[in-house]
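A.B. asks: sequence and predicted structure below; questions after.
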2 protein chains.
Amino acid sequence: MSDQKLEAIAELLSKASNIAIMPHLNVDGDALGASLALALALNSHHCQVDVLIEEEVPATLDFLPGLDLIKNTPKDRYHVAVNIDNGDINRLGERLGIYQNAEIRLSLDHHATNKVEADISYVNTDASATGEIIFRLLTEYMGLPITKDIALCLYTAIITDTGGFRFSNTTPETMEIAGALMRTGIDFTYANMKVFDRISYAKLFLMKQTMNSLKLLFDGKLAVSYLRWGDLASFNAKLEDTEGLVNIGRNLEGVEVSLFLKEEKPGNFKGSLRSNDHVDVSKVAERFGGGGHKRAAGFSAEGDLEDIVRSLADVIKVSLKGEG
Amino acid sequence: MSDQKLEAIAELLSKASNIAIMPHLNVDGDALGASLALALALNSHHCQVDVLIEEEVPATLDFLPGLDLIKNTPKDRYHVAVNIDNGDINRLGERLGIYQNAEIRLSLDHHATNKVEADISYVNTDASATGEIIFRLLTEYMGLPITKDIALCLYTAIITDTGGFRFSNTTPETMEIAGALMRTGIDFTYANMKVFDRISYAKLFLMKQTMNSLKLLFDGKLAVSYLRWGDLASFNAKLEDTEGLVNIGRNLEGVEVSLFLKEEKPGNFKGSLRSNDHVDVSKVAERFGGGGHKRAAGFSAEGDLEDIVRSLADVIKVSLKGEG
């Protein structure tokens, strides 16, 4: 199916004299992979393409081809500026002026919340990753070859946003595109290792502390784990370092509900709840002023850790029986 | 490309009056998924299909459709017996007699080491999983529809043997087949969760002990971790429970070499070595009577844990310098 916006974007890009490509702040595998793929495809003697970012390239992405197209000294004014994988203009940070000052502003994204202004804004929420959109733009609308370097960037974009083809945003088309990218001979096992396997000191330490704290209640159906303020402070833990720790309990055999408590400040806890099959944890969270979904919910609590666990366990016990 | 053996197998299966399908002992996601998919496709009023296994269905696979086709009381003699995903006739266990007693014996597998005798034996080592072979047999050679139930079995077979499309045996065709299976509307996120996320008590405990033991040497380039005999014995640890524990050290940021020691009997250690980028750990292992590949090697050692670590560290130190 042909798309007029992508046609128009292809037309403008093919005539551009120079291009600035700008992914969102805190660049991830999709934002950077999609940006570098587009830059590698368009950079030529006739058209200089600069990729502009505001942070160091993350270690998980330092293997991507095209990193030499990242420029620290942008031009004053670009012919075309392209906003990539970014639904919020404020996430262009200090590059906002460069974007707004460009002769033509384009935007390519897959976020439903996108509200970025552009001369042409293409948003496709069916695409698992902006990398998928770039693949279609290059192959179907610009007739450009997918080199092995471009393929590695796009493959990395797609695995980042689909969790390695596991998240529900993965589609049959995603699999077909990944297959086409693999046909170029990319080292996809290496890309997966870089993106998914490496963990930080902080993450390892916090995983260990979470495992050491883990206790099972109610015949192993409830897993309770926690991180104390001291643990978090000693590693200057970032939000990403504690993400997913509630799943250690959830994934343990026989567990239905996992409760994870993070002491964000002394005596102030953020609680995460997950369930596997039948308990509606949003109802549990609501009893403590929080909320969420059936299988994932959260709440805040103040006081003594043991008291908080006891209160939660009392409510969860009823849920386990009621719906068991 | 047409394959005469698959044509002949399709012909025989379509005329069978009854069929026994037998995956290898210690059935895994590929063996069982491929077996159930074939059984679901062929079972009919005209042809009874029995899937024969010798163990409980693993908890990770208890969601597969077609489990009711698993029979505990086999017939004395089958018209057709099909050996599935099994390269060694001894891995049919107590079912060997049923296989050998069948009027026609067929074998479908993807292991290079396959040496199973059959009236027709089809081995395709390019297939990532036997599930891929069953997909081609059903669609290209038998013209049978891939129902949603069959698709879920085949998808599970493929993700099991490709590590979720990450292992190097994954091909562009694998991705295309997975895409076709997803088009039936299967809950692939659930299949991934079941196959990959659940961990046993023993595994969690051993992961925790491994993390607690982990020490870094040589500016964080060497990670050393271990499990003592007492840890392993207290959980009756199986081989699968300690698989991959060497990767905890390997995946840590900055680490080049990971050494993991498992005390299999008091004072008897099995050592695993992994490297990320440049150290050839097979050379290190060879110094201690072991061997392997550049990035993965192993050895055995007897004596005191600290002495063994010191000897290994001395050799690894040189490798880190020599090739760093």
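C.D. replies: Yep, it's here.
A.B. asks: helices of the stretch 1-150 of chain A, start to end?
C.D. replies: When secondary structure is read from DSSP state H, counting those that start in this stretch, the stretch 1-150 of chain A shows helices at A:4-15, A:29-42, A:96-101, A:130-136, A:148-162.
A.B. asks: who are the packing partners of the second one?
C.D. replies: Same thing as helix A:29-42. strand A:18-23, strand A:48-51, strand A:80-84, helix A:130-136, helix A:148-162 (3 or more C-beta pairs under 8 Å, 6 or more residues apart in numbering or on different chains; DSSP states H and E). Every C-beta, even on glycine, is put in place using the N, C-alpha and C of the backbone.
A.B. asks: what stretches of chain A score poorly on pLDDT?
C.D. replies: A:1-2, A:323-324 (pLDDT under 70).
A.B. asks: domains in it, by residue range?
C.D. replies: Chain A resolves into domains spanning A:4-197, A:202-323 when parsed by automatic domain parsing.
A.B. asks: figure out which of the helices and strands packed on helix A:29-42 is closest to B:Leu92.
C.D. replies: Distances from B:Leu92 to each of the helices and strands packed on helix A:29-42 were compared by C-beta to C-beta, and the smallest falls on helix A:148-162, at 37.8 Å.
A.B. asks: tell me the angle of the closest one relative to helix A:29-42?
C.D. replies: Using axes from the mean of the first three to the mean of the last three C-alpha atoms, to 10 degrees, the direction of helix A:148-162 lies 160 degrees away from that of helix A:29-42.
A.B. asks: can you give me the strands in chain A?
C.D. replies: Applying DSSP state E to chain A gives strands spanning A:18-23, A:48-51, A:80-84, A:104-109, A:120-123, A:215-217, A:222-227, A:257-265, A:268-275, A:291-292, A:296-302.
A.B. asks: neighbouring contacts of the lengthiest helix in chain A?
C.D. replies: In chain A, ranked by residue count with DSSP state H as the criterion, the top helix is helix A:305-323. Helix A:305-323 is contacted from outside by A:217-218, A:221-222, A:224, A:226, A:228, A:256-257, A:259, A:261, A:263, A:269, A:271, A:278-281, A:283-284, A:287-288, A:301, using C-beta atoms under 8 Å, 6 or more residues apart in numbering or on different chains.
A.B. asks: pull out the buried residues from it.
C.D. replies: For helix A:305-323, burial by neighbour count (16 or more other C-beta atoms under 10 Å in any protein chain shown) applies to A:Leu305, A:Ile308, A:Val309, A:Leu312, A:Ala313, A:Ile316, A:Ser319, A:Leu320.
A.B. asks: so what's the most centrally placed residue in chain A up against?
C.D. replies: Nearest to the geometric centre of chain A sits A:Asp161, at 5.6 Å (C-alpha atoms, centre = their mean). Listed by C-beta under 8 Å, 6+ apart, the contact set of A:Asp161 reads A:Asp28, A:Gly29, A:Asp30, A:His110, A:Ser128, A:Ala129, A:Thr130, A:Gly131, A:Phe167, A:Asn169.
A.B. asks: mind running it again at 6 Å?
C.D. replies: Counting by C-beta atoms under 6 Å, 6 or more residues apart in numbering or on different chains, A:Asp161 touches A:Asp30, A:Ser128, A:Ala129.
A.B. asks: now, which of these sits nearest A:Met175?
C.D. replies: Out of these, the member with the shortest distance to A:Met175 (by C-beta to C-beta) is A:Ser128, at 9.8 Å.
A.B. asks: ok, and what's touching stretch A:46-57?
C.D. replies: Here stretch A:46-57 has contacts from A:16, A:18-22, A:27, A:35, A:39, A:42-43, A:69-71, A:74, A:93, A:95, using C-beta under 6 Å, 6+ apart.
A.B. asks: for chain A, what lies in contact range of chain B?
C.D. replies: Neighbours of chain B within chain A, by C-beta under 6 Å from any C-beta of the partner chain: A:164-166, A:168, A:172, A:175-176, A:178-179, A:182-183, A:189, A:192, A:197-200, A:204, A:208, A:211, A:251-253.
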